[in-house]
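K.L.:
Return a 3D structure for these sequence lines:
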Amino acid sequence: MSRIPVPTLGPVASPKICSLSAGVISFSSPMNTSPTPDLIFDVGMNNGDDAGFYLECGFKVVAVEANEAFCGQVAARFPEAVREGRLVIRNVAVAGEPGEVEFWINEDHPEWSALDVASAARGGHRHRKVTVPAVRFGDLLRQHGVPHYLKVDIESADHFCLDGLREVGLPDYLSVEVSDVALVDACEALGYRRFMLVEQSSLLPIDDWSGPLGWTAQFPRILTAHRAWPYRLIRKLAGYQRIRTLGQRSRRFPGRDFPIGSSGDFGSNLMGTWVSGDAVKALWHVHYRHWTSHGREFWCDLHASREE
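P.N.:
The predicted structure follows:
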């Protein structure tokens, strides 16, 4: 079903290190400072939808997640992959220094849990503090190897991952949620040369928004997010959940339906056009101003490629 050509996996080597963290077995493998073609890092694993997609595509996955509940759920969801060593779950938080850190669990929206209490408590949701093991991202790379693709979604702590890349080595492809174009400059400084913005409610590249597919994908989100009274009235009459379900159809692609909240495709399989850092910053500014001026959140991932 996958649209991603991947190398054939050989026999899984016996891990050199085995540690038990929060009831989930995690393995370590030798350091590799150049990208490993069949390896993906899923930092901010959440409920495992992204990790499951990568596994289906034939990749080995190192999944990093500070929320212990998610780790147990995903281990139970993919027991064979864990047993075979194709899925390694690290129940840790990525931080500036090793040890322990405070982590805030959002009890209403666990996917919003974060090291930063303001991020975890947004919208006035219930939240609680836990203490979790902390690791430096560079140490994770040294243990497991530099991946072909790195997905990062850890609620405003992304810079810890970029610091680790600077120390050890660069994946071929990287994606991270972008809230400021300074992130583009940081990626360029690391050595990434081509970029693409992917709007996360529809998983469409920004440069596809002008066509009918882009408008079809965005219309349900406009209805669910706009604060003006006509939109609130439509939500009341039609039903929020019904409109949201309509929006899910925009996340259907040839050979794959991506669940709400998942990150979608990556690398050479993205449908948009790779552009320079200056061009992607200009795109971000235009669309950020457009969405926020209409009272809507601009939810977007930056994809980066080392290829010129």
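
K.L.:
Could you list the low-pLDDT ranges of this protein?
P.N.:
1-32, 208-255, 291, 293-297 (pLDDT under 70).

K.L.:
Can you list phi and psi of Tyr149 for me?
P.N.:
With angles defined as degrees, to the nearest 10, Tyr149 sits at phi -140, psi 140.

K.L.:
so Ser175 touches Asp158, yeah?
P.N.:
No. Judged on C-beta atoms under 8 Å, Ser175 makes no contact with Asp158 at a distance of 10.3 Å. To be clear about C-beta, it is placed using only N, CA and C from the backbone, and glycine gets the same treatment.

K.L.:
so what's the nearest residue to Arg122 once chain neighbours are set aside up against?
P.N.:
Closest residue to Arg122 apart from its sequence neighbours, by C-beta to C-beta, 6 or more residues apart in numbering: Trp112 at 6.7 Å. By C-beta atoms under 8 Å, 6 or more residues apart in numbering, the contact list for Trp112 reads 106, 119-120, 122, 125, 155.

K.L.:
Next, show the common contact partners of Ser175 and Asp158.
P.N.:
Contact criterion C-beta under 8 Å, 6+ apart; residues shared by Ser175 and Asp158: Val152.

K.L.:
Arg166 against Cys187, yeah?
P.N.:
No. With contact defined as C-beta under 8 Å, Arg166 does not count as touching Cys187 (10.8 Å).

K.L.:
So the two - more neighbours on which side?
P.N.:
Between Arg166 and Cys187, counting by other C-beta atoms under 10 Å, Cys187 is the more crowded of the two (25 against 15).

K.L.:
Okay, buried residues for the helix or strand containing the more buried one please.
P.N.:
Assigned by DSSP states H and E, Cys187 belongs to helix 182-190. Buried positions in helix 182-190, judged by neighbour count with 16 or more other C-beta atoms under 10 Å: 183-184, 186-188.

K.L.:
Also stretch 109-127?
P.N.:
112-115, 119-120, 127.

K.L.:
now the helices for the protein?
P.N.:
Assigned by DSSP state H, the chain shows helices spanning 49-56, 68-77, 79-84, 117-120, 137-144, 158-168, 182-190, 212-225, 229-238, 240-248, 277-293.

K.L.:
between the fifth one and helix 158-168, how many degrees?
P.N.:
Meaning helix 137-144. With axes from the mean of the first three to the mean of the last three C-alpha atoms, to 10 degrees defining the directions, helix 137-144 sits at 60 degrees from helix 158-168.

K.L.:
What helices and strands are in contact with helix 137-144?
P.N.:
strand 36-43, strand 60-64, helix 158-168 (3 or more C-beta pairs under 8 Å, 6 or more residues apart in numbering; DSSP states H and E).

K.L.:
swap the cut-off to 7 Å and go again
P.N.:
helix 158-168 (3 or more C-beta pairs under 7 Å, 6 or more residues apart in numbering; DSSP states H and E).

K.L.:
Need the residues that contact stretch 264-280.
P.N.:
Identification of contacts with stretch 264-280 by C-beta atoms under 7 Å, 6 or more residues apart in numbering yields 3-4, 149, 173, 175, 184, 188, 194-198, 203, 205, 207-208, 258, 303, 305.
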